[in-house]
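Q: got a predicted structure plus its sequence, pasted below:
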Amino acid sequence: MKARRHDFYADDWLAGTLELKPYDRGVYITICALIYSRGESIGVELLARHCGVHRNQLNASIRRLVAAGKIEESATSLRQVRCETEIFLSDLRLKKWAENLPQFNKNSELPLPRGGRATRDARKISTKEDKILNSDSDPVRADARLGGGVDDLVAGVLATVQAKVAAPYVGKRDQWLNNLAAFVSDAFDGNARMEAWQAIEDARAAESRKATPPHIRRAIDEIDKLFRAAGTFAEAAE
């Protein structure tokens, strides 16, 4: 399975291409896009077809990008280290997702598009509601037999489904934050360590990513990126 999405950081791009001329910046983003699309280094012929400019102009731009340290050129290909790193991380995330998906579905009991537990519960609700609406008996007595009415029954079923769906996320998020805290203990020093710990605890106190303040989310994302990169490099070293 090929990863179709890769992380792109606008601030990094703008800061890293500030000194480039517009022409070279256009060639550079085309190189990066082709590497992301192909998932590997690319040939100059492929780049030339996509740029559609005179070959001498393109070769001069490539030389300037190499001299600026933006890309690396070999006899047969062009490569960009940051792009290759992001591709590797995307492939790793996709692999982990594919491995964890069956177990996640089993634990969370998420409803399937057709059928599934939530659909069966909805049918039960609909059936009981029809019985109440079509009953010749006293609706108040029928409502009482359902223990508070259809609204309470619906609310109870939804609460059960939401709790079962949310539980794996809560457990996994807490374990993830614990892993980040352990990583920070080993990799960070001084004030940086204290600030990272504080960000992790703030994220834990918020109880969900949505409730976490934006600046804390950004800090956690940066710590997680370093954590994943360290694990990736450790695996490569083995």
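A: That came in fine, so what should we check first? The model shown is predicted, which means the values in this text are computed figures rather than measured ones.

Q: what about the residue lying closest to Cys83 once chain neighbours are set aside, how many neighbours?
A: Once flanking residues are discounted, Cys83 sits nearest to Ile35: 4.4 Å by Cβ to Cβ, 6 or more residues apart in numbering. All C-beta spots, glycine's among them, are computed from the backbone N, C-alpha and C. Look at Ile35: counted by other Cβ atoms under 10 Å, it has 24 neighbours.

Q: can you pull the pLDDT of Ile35?
A: Note for Ile35: predicted pLDDT of 93.

Q: what about it, distance to Leu18?
A: Taking Cβ to Cβ, to the nearest Å as the measure, Ile35 falls 21 Å from Leu18.

Q: tell me which helix or strand comes right after the helix or strand hosting the residue nearest to Cys83.
A: In the assignment (DSSP states H and E), Ile35 maps to helix 22-38. Per DSSP H and E, helix 22-38 leads on to helix 44-51 as the next helix or strand towards the C-terminus.

Q: just the mean pLDDT for that following helix, thanks.
A: Per-residue scores along helix 44-51 average to 94.

Q: for the chain, which segments count as helices?
A: With DSSP state H applied, the chain shows helices at 10-16, 22-38, 44-51, 55-67, 81-108, 117-134, 139-145, 150-187, 190-206, 214-237, listed in chain order.

Q: ok, of those helices, where does mean pLDDT dip lowest?
A: Averaged per stretch, pLDDT over the helices of the chain is lowest on helix 139-145, reaching a mean of 45.

Q: what's around Asn56, how many residues?
A: Residues lying near Asn56 (other Cβ under 10 Å) number 8.

Q: what's the neighbour count on Val184?
A: Val184: 21 surrounding residues under other Cβ under 10 Å.

Q: let me see the contact set for it.
A: Contacts for Val184 (Cβ atoms under 8 Å, 6 or more residues apart in numbering) come out as Arg193, Ala196, Trp197, Ile200, Ile223.

Q: Asp186 and Asn178, how far apart?
A: To Asn178, Asp186 is 13 Å away according to Cβ to Cβ.

Q: of those two, who's got more company?
A: Counted by other Cβ under 10 Å, Asp186 and Asn178 do not tie: Asn178 has more neighbours, with 12 against 8.

Q: hang on, isn't Ala229 packed against Leu89?
A: Yes - contact between Ala229 and Leu89 holds when scored by Cβ atoms under 8 Å: they sit 7.4 Å apart.
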